[in-house]
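A.B. asks: test case, fold it:
(4 chains)
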Amino acid sequence: MDLDEYRRGARSWLAENAPDTRAEGAPDAGGVAAAKEFMVKLYDAGYSGITWPREWGGQGLTQAEDRAFAAEAQDFALPTYVFSIGLGMCGPTLVDLGTDEQRRRYIRPLLRGEEIWCQLFSEPGAGSDVAALQTRAVPTDGGWVVDGQKVWTSVAHHADLGLLLARTDVDVPKHKGLTMFIVDMHAPGVTVRPLRDMSGRAHFNEIFFDGVHIPAENVVGKVGDGWSCAVTTLLHERLSISSGVGMGGQKDNPAAFEALRAAHAGPGGATDPLVRDQLVELYVRSRALALFNQRLAQETKAGIFPGARGSAAKLLLAELTLFQADLATSLAGPEAVAYPGEGDGGESAGVRLANTIAMAPGMALGGGTNEIMRNIVGERVLNLPPEPRTDKNVPFKDLRTSGDASAADGRLA
Amino acid sequence: MDLDEYRRGARSWLAENAPDTRAEGAPDAGGVAAAKEFMVKLYDAGYSGITWPREWGGQGLTQAEDRAFAAEAQDFALPTYVFSIGLGMCGPTLVDLGTDEQRRRYIRPLLRGEEIWCQLFSEPGAGSDVAALQTRAVPTDGGWVVDGQKVWTSVAHHADLGLLLARTDVDVPKHKGLTMFIVDMHAPGVTVRPLRDMSGRAHFNEIFFDGVHIPAENVVGKVGDGWSCAVTTLLHERLSISSGVGMGGQKDNPAAFEALRAAHAGPGGATDPLVRDQLVELYVRSRALALFNQRLAQETKAGIFPGARGSAAKLLLAELTLFQADLATSLAGPEAVAYPGEGDGGESAGVRLANTIAMAPGMALGGGTNEIMRNIVGERVLNLPPEPRTDKNVPFKDLRTSGDASAADGRLA
Amino acid sequence: MKLVLTQEQRELREAVRGFLATASPLSAVRTAMDSETGHDPAVYRRLAGELGLTGLIVPEEYGGAGAGHAELAVVLEETGAALLPGPFLATTAAAVALTQARTPDKELLSGIAEGRLNAVYVPASGVGVDAAGGDGRAVLRGTAPQVINGMDADVLLVETADGALVAVESAAEGVTRRALTTLDPTRRQAGVTFDGAAGRVISEGDENGLARTRDLLAVAVAAEQLGVLRAALDAIVAYSKVRVAFNRLIGSYQGVKHKLADMHCKLEQAESIVRHAAWAADEAPAELPAAAALAQVYLGRACFEVARDSLLLHGGIGFTWEHDAHLYYKRAKADEVLLGPPRTHRARLADLLEL
Amino acid sequence: MKLVLTQEQRELREAVRGFLATASPLSAVRTAMDSETGHDPAVYRRLAGELGLTGLIVPEEYGGAGAGHAELAVVLEETGAALLPGPFLATTAAAVALTQARTPDKELLSGIAEGRLNAVYVPASGVGVDAAGGDGRAVLRGTAPQVINGMDADVLLVETADGALVAVESAAEGVTRRALTTLDPTRRQAGVTFDGAAGRVISEGDENGLARTRDLLAVAVAAEQLGVLRAALDAIVAYSKVRVAFNRLIGSYQGVKHKLADMHCKLEQAESIVRHAAWAADEAPAELPAAAALAQVYLGRACFEVARDSLLLHGGIGFTWEHDAHLYYKRAKADEVLLGPPRTHRARLADLLEL
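C.D. replies: Numbers count the residues shown, from 1 in each chain, chains lettered A, B, ... in the order given. Coordinates of the predicted model:
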């Protein structure tokens, strides 16, 4: 099928079936039920798992169709938020690395929204440096017992399953002692605690594992091979962020160019020249990134895999997100920071602007900080030499941790 | 004497005695002769070596008077360029570290402009990393024999004497095998070759040493102690740059705020609002740095030594220099880059703007790159932990050099 | 020009800093900001009473300390760094406006100085004078949409649309106050509507006084921003000396170190600009307008950028509610627009420079 | 929208790149820029002859290749990256203007396509028409202060103050050309004065044609800027893999690496914008004006910033005449203002966006 035709089909299906609600962020329980209903329809229409293998329940199409659908979907507010981790990260990892039994068991329910997934990598002491994680998995009869704490876990309070990275060996260097598991989030010993982000809402969770049992068949990949599995997952994460999966579209963003144009300029053009010029700057940055993303999509269609260049797009998106939220509030002035509350005059412009500026840093922190993205672009796109590393060949138990007095001096020699 | 009074005195002396010429950059031979004449007058009036000890020929006053004089001098174009290395770096180093004989022999002639000095540290393979230098000094009867190459040497073609850093031991770590010398630039085996900078003019030189003999009494400090001597010199260099010694004033800078205001705006205020706002930005940056420099000067007067904070001022000056040259040419448009030549219509605005943009990177490269300045501010002002170092405890002869295949991988472990 | 603190000013700074460190550490700020009033009245009482700070710039004849704006800047830098909730800045603004009036109002000034009166200044409100009685009374009508600490006010000192300064009791008939939601949880604001509310005229048609008040407020807010900037920078500098990633302290990475160096450069310039503006406020009235506009242009941006980068360099922890980074970030953004959109300060500076 | 090169376009790129690498490496550019004409005529002849590049966008009926602006952009990116001296851009601009005229001029177009005629376009010159004969002749008076490769021109194609397009032989009476000093040593310019010089009117009052020509030139210059940007970035990336400081390759320092990553992000966006604008030039005329203005706004800044940072990151060596960094830096600055001060492109974009 011709891509334009595919796009038109997607558009008309979306126009008919996309719910007419703004569904940004984590929904409540009722929202989850509605989202699950929608997901079944999406799957049955062939728009869930577009690039995933037919064998396991996907559509077997290319990145081009996937990006085409995503581009169309940007204009709608699809309630796919709770599935985004499964669709963007966990599922693709299982497709790549799972056993056939795992794929058979998990992929289709994931694509149809019957089971919600979360991802359990980061820890308080292991953010950018994921491989420094401390959560232990110790072998036991027929499986493993897990103890530890994870953090930054989106949708965990709705999740049925999680993709867990835990340390199975402390006597080898840190990248070599990790193993990936599928964990039942309803298992005894799993505690999910909401973690408020800087906007005051609980978009994330902390997860505590207290003697949680995981059956042996839930190991993903090989024991001790967790780091390379995680790299696969993180690669999918970056791709999914840069391709727009799991991102709200710009349509409802009060800091996007069109919204600011409507608020501060207009066809008459009789506005403050300095405001005009700031809107030009926003247009330039938005359009530059949009065209870059479109070029990446066209290259993908032409068989050129974007690879680490997706990290450049993610970095630019993080910067644009900060820039436009900052600009929007600066243009609006005092009303962007003090406004009638939600219960007291409905959703004012102020509420939405304040929420935008309060959430803006998220894009620069989730899925790898800007510094990590710059390292990736530098090392994997430009092939620059890596930073000297001191943590690669030392047993994990001998490494420094934050606040450790021995870390007070960065000197190696 | 009250500082304001001192300032008024300096101003009136300058008004009477400062030559009425623009004397930026290296002068020709005639210019040097005139400059030497002026320097004698300056010395005899008590304005050369203001903070230097009376014992060796200085005035024994404080940094406050020094900065006051420099502030007044900014409005004049003093022909002190050829003495700036001696006054800013070599002389202060000898005051701090020289033997009494060296001080007696060299300081007064330096302050009176009778002998011109240059500084011989940098090499093609040792720029930011000065301690990686390769020039060798080997002991011989009654002294040393020097072979090697130096670069970036300002005023060397006029210099009578040089402060040289050379390697006297390759079997110890790089910082430990260096020694500082006073070298006679007229000695046999010294070749000075002009090095054209990016503006096409020869502001710098390359110096070749081919079996040059240096007498034993010309060692500055101790043999093997050259690095700590060089640190003293470099500290003086940064201070002298940040305090404005050796810098052309802003008065004649066609990219400074007042010049751009005159060229692009005016009392009527009827100009393009975008240009106005860019001029506001330039004013803000210029004024912010000027006030910071004034605060440093006042702190110095109050007995608070600026220390490494001078590197912050130098970094900001480098950025301002680039910003304003860029802005000036962008505002001017095509005429900033194509204009009647000097011989063909005199010194047009274009010539001066083009020269400004062509020289702008110099401030960010001379006296330590911006990256080095950021390291200094980070480590010595904010006390941040240092970069891991691999070059501190390894014999010099075992270190990597640029282009060396073994350097193709930055990994340490 | 005085850009370096005097011995007395340094002592004042230490006193305020010491007081706030024990009376209002960030843990207490968090408790206060979740409370009904949004601040701890006991802390505010001590600030006014023990330290006499509400009367700092009130002339001695009205019971104040008669100090200058350089001293006020020192204090506001500390309250800013501490993110102190409560009406200190608002009341200070009222004191500034009152001291600039042709005939200073003894009752209000002494009430502020003694800490028994929370007055809140409502600048450039656009509120109209409905009727003015010959007895120094005026009836106001209109809305001031954002008034800092408006709910804490005993008296609202309104700059009306026609440039009068009118004091209205917040309990007066015709005054309706509505608490707003704020981005910055450490400073409350209110919308205030005047519907035929009667007040007392403090001054009329005093353009110079109002302009000078506006400039002095710009300096005061800039001083607070300097404190926020410094505290946000201090926080990330400290964190970068203890946080380890990839077996190294993050402050040893140039990706962090060089950003912190640039932030320090902003701090150095910001402090210089605030000191200069405060000096001009006290000793060089002709230089004040440009110095004040410069202070708002530079500090608004620098403070927000540093607070933002401080948050970002903390990594994920900086995105959590429990970490303090977002409090600096939000105060910085709120302060940046407190006196109007940033472009208004740039435009004013352009005018003053005759561009 | 086509943002990815076709197979044919990639082959064209390789052919031009390969030719320039052998015929005009930077060492040859340096020789040429110090020569009397400022370029190597032999290289230019081969470019026109062997490669047929002067006729690239000239329609086949006039002896050209009839290719599109996407192909032209591919070529200009390479000549830009190579800092090729000589009148290729200037002649191409003339060809663009001629192909946009209502009645294309066969003689000039075929002369350009065959490489026997150096025509130079003089856009928006402000030169006045002194008298216009009914026979398609016009007499020009006025000065065009900066004309790229003006000394190389056989024919000057002048856009007059009243929007006519007039071809004047540079050898004609009343034409005075004076070589200028240029910041960029790889591209010469001239001041041209017309003092009653007679020329041939190519078109009159064709506002649409002139506007489209202006947009197409904006795209062409942006393509050249993309090449300069890429080459400046490539140079510093390569250097950072061989230069050692403190026993480490400088590319391993985040202070360098992160800057290079940001520069790469600019490159990715710059390329996307140029491809889009070139596509619009060929296939979406309604999108061209905004795409062309965007290309000038983005590329002008990005190209200069990357060239500047490339020079700076080289350290001291980048400040020397013998190193090539300054050649990119100067070309980038000259290109940024080639079509007028950068603010004019921003203003045009604002108009097109109806801001």
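
A.B. asks: so what's A:Val220 up against?
C.D. replies: Residues in contact with A:Val220 (CB atoms under 8 Å, 6 or more residues apart in numbering or on different chains) are A:Thr93, A:Leu94, A:Leu97, A:Gly98, A:Gln102, A:Leu163, A:Met180, A:Phe181, A:Ile182, A:Cys229. Quick note: C-beta positions are derived from backbone N, CA and C, even for glycine.

A.B. asks: and what of A:Gln298?
C.D. replies: A:Gln298 sits next to D:Met1, D:Lys2, D:Leu3, D:Val4 when contact means CB under 8 Å, 6+ apart.

A.B. asks: and the strands in the chain?
C.D. replies: Since no chain was named, I'll use chain A. Per DSSP state E, chain A carries strands over the ranges A:117-120, A:136-140, A:143-150, A:161-167, A:178-184, A:190-195, A:204-215, A:219-220, A:338-339.

A.B. asks: wrong one, I was asking about chain C
C.D. replies: For chain C, strands defined by DSSP E occupy the ranges C:119-122, C:128-132, C:137-148, C:155-159, C:165-169, C:175-179, C:181-182, C:189-203, C:244-245, C:248-249.

A.B. asks: circling back to that earlier point, ok, the contacts of A:Val220 vs chain B, which is closest?
C.D. replies: Comparing the contacts of A:Val220 against chain B with CB to the nearest CB picks out A:Cys229 as the nearest, at 23.5 Å.

A.B. asks: I figured that closest one hits A:Gly221, correct?
C.D. replies: Yes. At 4.3 Å, A:Cys229 counts as touching A:Gly221 under the criterion of CB atoms under 8 Å.

A.B. asks: more neighbours, the two?
C.D. replies: Counted by other CB atoms under 10 Å in any protein chain shown, A:Cys229 and A:Gly221 do not tie: A:Cys229 has more neighbours, with 23 against 20.

A.B. asks: any regions of chain A where pLDDT drops low?
C.D. replies: A:1, A:21-27, A:239-251, A:266-270, A:342-347, A:403-413 (pLDDT under 70).

A.B. asks: please apply the same query to chain C.
C.D. replies: Applying pLDDT under 70 to chain C flags the ranges C:132-134.

A.B. asks: okay, now the domains of it?
C.D. replies: Using automatic domain parsing, the domain ranges for chain C come out as C:7-114, C:119-204, C:208-352.

A.B. asks: for the stretch 201-350 of chain C, what spans make up the helices?
C.D. replies: For the stretch 201-350 of chain C, the helices defined by DSSP state H, counting those that start in this stretch cover C:207-239, C:254-283, C:288-313, C:325-336, C:342-352.

A.B. asks: closest to D:Asp130 out of those helices?
C.D. replies: D:Asp130 lies closest to helix C:342-352 among the helices of the stretch 201-350 of chain C, at 41.9 Å (CB to CB).

A.B. asks: just the residues contacting that closest one, thanks.
C.D. replies: Under the contact criterion CB under 8 Å, 6+ apart, helix C:342-352 has outside partners A:272, A:274-275, A:330-331, B:269, B:276-277, B:279-280, B:283-284, C:218, C:289-290, C:293-294, C:296-297, C:300-301, C:336, C:339.

A.B. asks: over to stretch C:302-309?
C.D. replies: For stretch C:302-309, the external contacting residues (CB under 8 Å, 6+ apart) are A:322, A:326, A:361, C:225-226, C:228-229, C:232-233, C:236, C:259, C:263, C:266-267, C:269-270, C:325, C:328-329, C:331-333, C:335-336.
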